[in-house]
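Student: Sequence and predicted structure are below.
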Amino acid sequence: MWAELQEIGRHPDTRGYRRYAWTGADADCRTWFQEQAEARGLTYETDRNGNQWAWLGDPAQGDAVVTGSHLDSVPDGGAFDGPLGVVSAFAALDELRRRGAEFTRPLALTNFGDEEGARFGLACVGSRLTAGQLTKDKAYELRDADGITLPAAMEAAGYDPAAIGPDPERLARIGAFVELHVEQGRALDLSGDAVGIASAIWPHGRWRYDFHGEANHAGTTRLVDRRDPMLTYAETVLAARREAELAGAVATFGKISVEPNGVNAIPSLVRGWLDSRAADQATLDTVTAGIEAAARDHAQRHGVDLTVVRESFTPVIEFEHALRDELNKILGGAVPVLGTGAGHDAGILSGSIPTAMLFVRNPTGVSHSPAEFAAEDDCVAGVLALADVLEGLACR
Ligand code: HGY
Ligand code: MN
Ligand code: MN
Ligand code: MN
């Protein structure tokens, strides 16, 4: 199963994976999920926001235990970020059936749609819609690089976007959500553990910096006469690194668009997207304010106009202590508890239902890259830990 999943999203034309929401690769993953669910006799459904659910038992009973993650990826992503949580959910159910576990609560396995936000620019669209953290109107405004809107993409993929929106009835039937995820860092590698439990998700956000300059000839325009937005962009990238280092935070300009994007033309507009994260809100505010101040100062000196738009933001998410501690107890009390700078559907849902996360060791810590990896033994340890957790929560 694992090998099969890894092949689903890998396209010959990319180094890694491009499982973007509502594309052919996404459809392949969704088909795989439905086949896995139906092969196990689970009741398969897609909710109003396109998230996939596979139920064991009657959801109407309430107090369900749910586990899953996402199957989409970032551009040239890896095979583990997301899929490991979904594959492990099915494998953990198989393990519980091998153990002859008797379920006293409904169980659901899930694939939350469009977690990475790679196509429409907003992360966790499926879980944000369900949790009421993204309105239908705002979702309808999302469009990809080709100008295709989210509803049009959903429709083209055979889903009715008219129904998207909050799903409180569904969430009211869930007593606990546990997401297993490959660690995107090296804490478990450094501690020598195969599995860990998440304590919190750092506050993080995405800002769009628009540097407006003056298009001109690259060969004939004197340096003193230039209003070059690329220069201010470059200064801002350096400022971001400086501010983050000073504060012990992270800041990345990972995406840029340039107009008119010609080798021999001084740009008229450089658009850069900042992703910044810190262990606490005050630090994050200091870093992002420092970056913006440096950008405005340089822009002013070079006749560049700057607009900054905060496109998305997730405050710190402390996972439910009671559920986190229950997981630790079920797993023997010696499992390391670690924070993360990565956002997750579990983080979004933690505002509505008790959620917890299990992490599986990633020996290099590399993620959002084809080099992302987790050793098979550690993946098995993750499945067994998830099976223990599900048994402890749903099979009393
Ligand atoms: O960006 C994140 O932290 C997550 O991988 N979507
Ligand atoms: Mn990711
Ligand atoms: Mn992920
Ligand atoms: Mn996630």
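Tutor: Received the coordinates, thanks. Numbers count the residues shown, from 1 in each chain. Ligands and ions are numbered 1, 2, ... in the order given.
Student: Could you pull out the buried residues of the helix or strand where V380 lies?
Tutor: For V380, the host element (DSSP states H and E) is helix 376-394. For helix 376-394, a neighbour-count test (16 or more other Cβ atoms under 10 Å) marks 378-379, 381-391, 393-394 as buried. From N, CA and C alone the C-beta is placed, and that goes for glycine too.
Student: Next: stretch 123-139.
Tutor: Neighbour-count burial for stretch 123-139 [16+ other Cβ under 10 Å]: 123-131, 133-134, 139.
Student: for that stretch, how far is the first residue from the last?
Tutor: 12 Å (Cα to Cα, to the nearest Å).
Student: Now do that stretch: distance to the chain's middle.
Tutor: Its chain's C-alpha centre and that of stretch 123-139 lie 13 Å apart, by Cα atoms, centre = their mean, to the nearest Å.
Student: ok, back up a step: now for the helix holding V380, which elements pack on it?
Tutor: strand 64-69, helix 83-99, strand 174-182, strand 195-201, helix 321-330, strand 355-360 (3 or more Cβ pairs under 8 Å, 6 or more residues apart in numbering; DSSP states H and E).
Student: So which of the ones you listed is nearest G158?
Tutor: G158 lies closest to helix 83-99 among the helices and strands packed on helix 376-394, at 20.4 Å (Cβ to Cβ).
Student: of the buried residues of stretch 123-139, closest to R277?
Tutor: Among the buried residues of stretch 123-139, and counting by Cβ to Cβ, the member closest to R277 is A123, at 12.1 Å.
Student: After the helix or strand hosting V287, which helix or strand is next? Please name it.
Tutor: Following DSSP H and E, one finds V287 within helix 281-301. As assigned by DSSP H and E, the chain's next helix or strand after helix 281-301 is strand 305-314.
Student: Quickly check: that following strand near ligand 4 or not.
Tutor: No: using Cβ under 5 Å from the ion, strand 305-314 stays clear of ligand 4, with a minimum separation of 11.6 Å.
Student: which residues are contacting the next helix or strand after that strand?
Tutor: Using DSSP H and E, the helix or strand that follows strand 305-314 towards the C-terminus is strand 317-318. Outside strand 317-318, the residues that touch it by Cβ atoms under 8 Å, 6 or more residues apart in numbering are 199-201, 347, 350-351.
Student: Could you confirm whether strand 317-318 reaches ligand 1?
Tutor: No: judged by Cβ under 6 Å from any ligand atom, strand 317-318 stays clear of ligand 1, getting no closer than 11.5 Å.
Student: Count residues in the vicinity of V366, would you?
Tutor: 15 (other Cβ atoms under 10 Å).
Student: what's the distance between it and G78?
Tutor: V366 is 8 Å from G78, where distance means Cβ to Cβ, to the nearest Å.
Student: cool, and T46?
Tutor: 26 Å.
Student: Flag every residue of this protein that's near ligand 3.
Tutor: 81-82.
Student: For the chain, which residues are neighbours of ligand 4?
Tutor: 115, 344-345.
Student: I'd like those residues as TSV, with neighbour count appended.
Tutor: Formatted as TSV, those follow (neighbours: other Cβ atoms under 10 Å):
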residue	neighbour count
E115	28
H344	29
D345	30
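Student: In strands, which of those residues fall?
Tutor: Nothing among these maps onto strands, per DSSP state E.
Student: Could you dump those into TSV with pLDDT and distance to ligand 1 added?
Tutor: Below are the residues of the chain next to ligand 4 laid out as TSV (pLDDT from 0 to 100; distance: Cβ to the nearest ligand atom, whole Å):
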residue	pLDDT	distance to ligand 1
E115	98	6
H344	96	7
D345	97	9
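Student: Can you list which of the residues you listed are found in helices?
Tutor: Using DSSP state H, the members of those that fall in helices are D345.
Student: could you flag which of the contacts of strand 317-318 are buried?
Tutor: Buried members of these, scored by 16+ other Cβ under 10 Å, are 199-201, 347, 350.
Student: and which of these is nearest I330?
Tutor: S199 (16.5 Å).
Student: in stretch 233-240, what's buried?
Tutor: Buried-residue list, stretch 233-240, by 16+ other Cβ under 10 Å: 233-237, 239-240.
Student: same thing with stretch 55-71?
Tutor: Here stretch 55-71 shows 55-57, 59, 64-71 as buried, counting by 16+ other Cβ under 10 Å.
Student: Mind listing the shared neighbours of V366 and G78?
Tutor: Joint contacts of V366 and G78 (Cβ under 8 Å, 6+ apart) are 372-373.
Student: For the stretch 251-396 of the chain, give me the ranges with low pLDDT.
Tutor: For the stretch 251-396 of the chain, not a single residue meets the criterion pLDDT under 70.
Student: before we move on, back to that, tell me the one of the buried residues of stretch 123-139 nearest L327?
Tutor: S127 (19.9 Å).
Student: host element of the closest one?
Tutor: Going by DSSP H and E, S127 is in helix 125-130.
Student: same for that helix, what does it pack against?
Tutor: helix 136-141, helix 345-349.
Student: can you rerun that using 7 Å?
Tutor: Counting contacts by 3 or more Cβ pairs under 7 Å, 6 or more residues apart in numbering; DSSP states H and E, helix 125-130 packs against helix 345-349.
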